[in-house]
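Trainee: From the sequence below, what's the structure:
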Amino acid sequence: MAWNIALLICFCCLMAMVRSNPVDVDCTRRQDFNTVKDCCAYPTFRFDEYKKQCGKYMPVGAPRISPCLYECIFNVTNSFVDGVIDPDNARNMLDKLFGSNQDFTDAYFNGVMSCTDTVQEMMRNRRARPQNRTGQCSPVALFYGVCAQKYVFNNCPSTSWSGSESCELVRLQNLNCPSSKSSHGSSHRIL
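Mentor: Numbering: from 1, shown residues only. This is a model prediction of the structure:
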């Protein structure tokens, strides 16, 4: 009986921490990638759908995240035209990237559509990089990807969310700390 009462008290304390008032969130605490990398079970991006058009930015064994790859995919799908996201083309692009995973297609779509202000801020605050490292590629599409990824973390489909205490605390921090919200796109919630 005492064990059950102790367990109940621990559970209530944990729930109070997870559902804490935003003023209780420690905004000075740095997020540790290793702690939160398994919070949301993201699907695999199907970049190979764009191999024919963008294959030169997909060298074997190299990371798949580059400004040139993202810019190429956005360009061949006409997802970003004249400085504006085209919703229909962005949805089609995400359908190809995620296949039949509608929960993540919807989450990424909402993220991309909510990221314009954040991407503009990221462009204003970016550090200059040597041209020979990134070629002539713009980071805009990559910034949309980074912002959308953050949005999806904060709005991960419940079937893919681990719900651990550390994950919940990071999500609370993302949603309630001004520096996290303004720099990574979580301030614009659509869902």
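Trainee: Report the buried residues of stretch 86-106.
Mentor: 86, 89-91, 93-98, 101, 104-106 (16 or more other C-beta atoms under 10 Å). No exception for glycine: its C-beta is placed from N, CA and C like everyone else's.
Trainee: Looking at these, which two lie furthest apart in space?
Mentor: Asp86 and Asn101 (21.6 Å; C-beta to C-beta).
Trainee: Which parts of this protein are helices?
Mentor: For the chain, the helices defined by DSSP state H cover 2-18, 33-36, 51-54, 67-76, 87-98, 102-113, 116-125, 131-134, 140-154, 165-176, 178-184.
Trainee: looking at the ones you listed, which is closest to Phe45?
Mentor: With C-beta to C-beta as the measure, helix 87-98 is the member of those nearest Phe45 (5.3 Å).
Trainee: Check which helices and strands the closest one sits against.
Mentor: For helix 87-98, the elements it packs on are helix 102-113, judged by 3 or more C-beta pairs under 8 Å, 6 or more residues apart in numbering; DSSP states H and E.
Trainee: could you redo the last one with a cut-off of 10 Å?
Mentor: Here helix 87-98 touches helix 67-76, strand 80-81, helix 102-113, helix 140-154, going by 3 or more C-beta pairs under 10 Å, 6 or more residues apart in numbering; DSSP states H and E.
Trainee: State the mean pLDDT of it.
Mentor: When pLDDT is averaged over helix 87-98, the result is 96.
Trainee: Now that helix - C-alpha only, CSV.
Mentor: Output in CSV follows, covering the C-alpha atoms of helix 87-98 (Å, rounded to 0.1, in the frame of the first residue of the first chain):
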residue,chain,number,x,y,z
PRO,A,87,0.8,25.9,-50.8
ASP,A,88,-0.3,23.5,-53.5
ASN,A,89,3.2,22.8,-54.7
ALA,A,90,4.6,22.6,-51.2
ARG,A,91,1.9,20.0,-50.3
ASN,A,92,2.8,18.0,-53.5
MET,A,93,6.5,18.2,-52.6
LEU,A,94,5.8,16.9,-49.0
ASP,A,95,3.6,14.1,-50.4
LYS,A,96,6.6,12.9,-52.4
LEU,A,97,9.0,13.2,-49.5
PHE,A,98,6.8,11.3,-47.0
